[in-house]
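Asker: can't give you the sequence, but here's the structure:
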Ligand SMILES: Nc1nc2c(c(=O)[nH]1)N[C@H]1C(S)=C(S)[C@@H](COP(=O)(O)OP(=O)(O)OC[C@H]3O[C@@H](n4cnc5c(N)ncnc54)[C@H](O)[C@@H]3O)O[C@H]1N2
Ligand code: MOO
């Protein structure tokens, strides 16, 4: 059975080929996106500045701009002959020994080469006596440095500079940068279409009545929709498909015409009513089946390619709710970010921390284990994790109580209270 790490690498390599050959990023349709809707969209065009930032030399402090050639040593006096405010510059010429009152963000007059903050003058002592309608004198209480407290034109961004590149996953800081450059819209990659298909005769969609004791609610589809909500994808929900070869074939066949990616839940184990692997082999191929992890072992990675122009990548998640969550986090979501065109450094990072275990864990070697736990941090900043008993992959209440996975290596055996373990916080713990 393939290890989890080897499967992650295999999926990544397949998506590399998909992005280069099957559906090359440069040939994809672009979408104009309003700046405020662009969070988590993937930039499809480089962004180049059309003007300098700062656009002119600006003051970094409230204080005085002092003319070139002035004596700026401690105790020297400067004659203040006007004022430069943010949005309304002082336009006159200054001679050595002169200055203007200036505020943070205001233009530094061309004839000035230093800004001195008001705290380094006698401003506080004379403040109440200043009559702004006529020149007045301030005295430096500290020697100033030429060039200090001036944000130079273009020092942050020069006109013509590329500030964001194709593949950037736009975040609040990028939106700040784009807004500073006046971009009201950006070109992003058209979201991929991701089909969701739940299989199982026992399933009923939330909102409907359970009419027999054999029925349960379909929780995997709402779970996946929530987990994918932050991705730049369009979801198509194909609903619940009964455990029946013809209907499963028809549903997969329909989805592969409409979608770039298909995710199914359940029907991938070895039971008499688990048809998905058969259908995938009829309409495409299985690249990998079963992975040495717990939960989530009967995971399928394949592609649907019969009689269609480009392959539809297929992820078959095992039906147990926990297997669906673990498989989606470890394989599907990273692949979707990569398929969406997000550069390597732009894909959400799986954070992990070391924590001290507060209870014993029983484990047998053979599969990498993702046990649910609750991570806490003490006042000194170190982490502890409590790992719950009852780790079977249908334990939904414990999943909701947990905030992290305790990740135990494939070959690890039992782990004891006090041992240091690797913990992966759930994405929703730090988002
Ligand atoms: N003989 C074997 N049996 C099983 C094996 C095995 O290796 N040999 N593997 C077990 C493991 S591990 C898992 S995980 C499951 C995976 O089974 P399937 O993916 O085929 O899923 P089902 O059997 O249809 O369902 C499993 C479980 O999950 C419930 N389920 C299914 N879909 C949903 C949904 N959308 N929402 C909520 N719950 C769902 C379903 O009712 C079952 O209880 O196979 C083991 N068996
Ligand atoms: O691998 Mo299954 O997902 O343990 O329950």
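Answerer: Sure, I can see it. The structure presented is a predicted model; accordingly, all values stated were derived computationally and were not measured. Ligands and ions are numbered 1, 2, ... in the order given.
Asker: CA atoms for contacts and neighbours, from now on please.
Answerer: Noted.
Asker: Would it be right to say that residue 179 lies in a helix?
Answerer: Yes - Residue 179 forms part of a helix when assessed by DSSP: H, G, I helix; E, B strand; the rest coil.
Asker: ok, which residues in this protein are in contact with ligand 1?
Answerer: When proximity is defined by C-alpha under 6 Å from any ligand atom, the chain lies next to ligand 1 at 198, 200, 217-221, 265-270, 274, 296-297, 318-321, 323.
Asker: what about the nearest residue to residue 365 once chain neighbours are set aside, which SS state?
Answerer: Spatial nearest neighbour of residue 365, excluding adjacent residues (C-alpha to C-alpha, 6 or more residues apart in numbering): residue 411 at 4.5 Å. In three-state terms, and counting by three-state DSSP, residue 411 is coil.
Asker: check contacts around residue 80.
Answerer: By C-alpha atoms under 8 Å, 6 or more residues apart in numbering, the contact set of residue 80 is 98-101, 135-138.
Asker: top of those residues by neighbour count?
Answerer: Using other C-alpha atoms under 10 Å as the contact criterion, the top neighbour count among the contacts of residue 80 goes to residue 99, which has 32 neighbours.
Asker: What strand or helix carries it?
Answerer: Assigned by DSSP states H and E, residue 99 belongs to strand 98-102.
Asker: Relative to residue 385, how far out is the residue most central in space within the chain?
Answerer: In the chain, the centroid-proximal residue (C-alpha atoms, centre = their mean) is residue 348; its distance is 4.9 Å. In this structure, residue 348 and residue 385 are separated by 23 Å, where distance is defined by C-alpha to C-alpha, to the nearest Å.
Asker: Check residue 56 too.
Answerer: Remark: distance between residue 56 and residue 385 (C-alpha to C-alpha) = 53 Å.
Asker: between the helix or strand that contains residue 64 and strand 98-102, how many degrees?
Answerer: In this assignment (DSSP H and E), residue 64 forms part of strand 63-67. Note on geometry: by axes from the mean of the first three to the mean of the last three C-alpha atoms, to 10 degrees, strand 63-67 and strand 98-102 are set 150 degrees apart in direction.
Asker: follow-up on the earlier one: between residue 56 and residue 385, who's got more neighbours?
Answerer: Looking at residue 56 and residue 385 with other C-alpha under 10 Å, you find the greater number of neighbours at residue 385, namely 27 against 18.
Asker: quick one: contacts for the more buried one?
Answerer: With contact taken as C-alpha under 8 Å, 6+ apart, residue 385 is in contact with 355-358, 373-376, 406, 423.
Asker: All good on my end, thank you.
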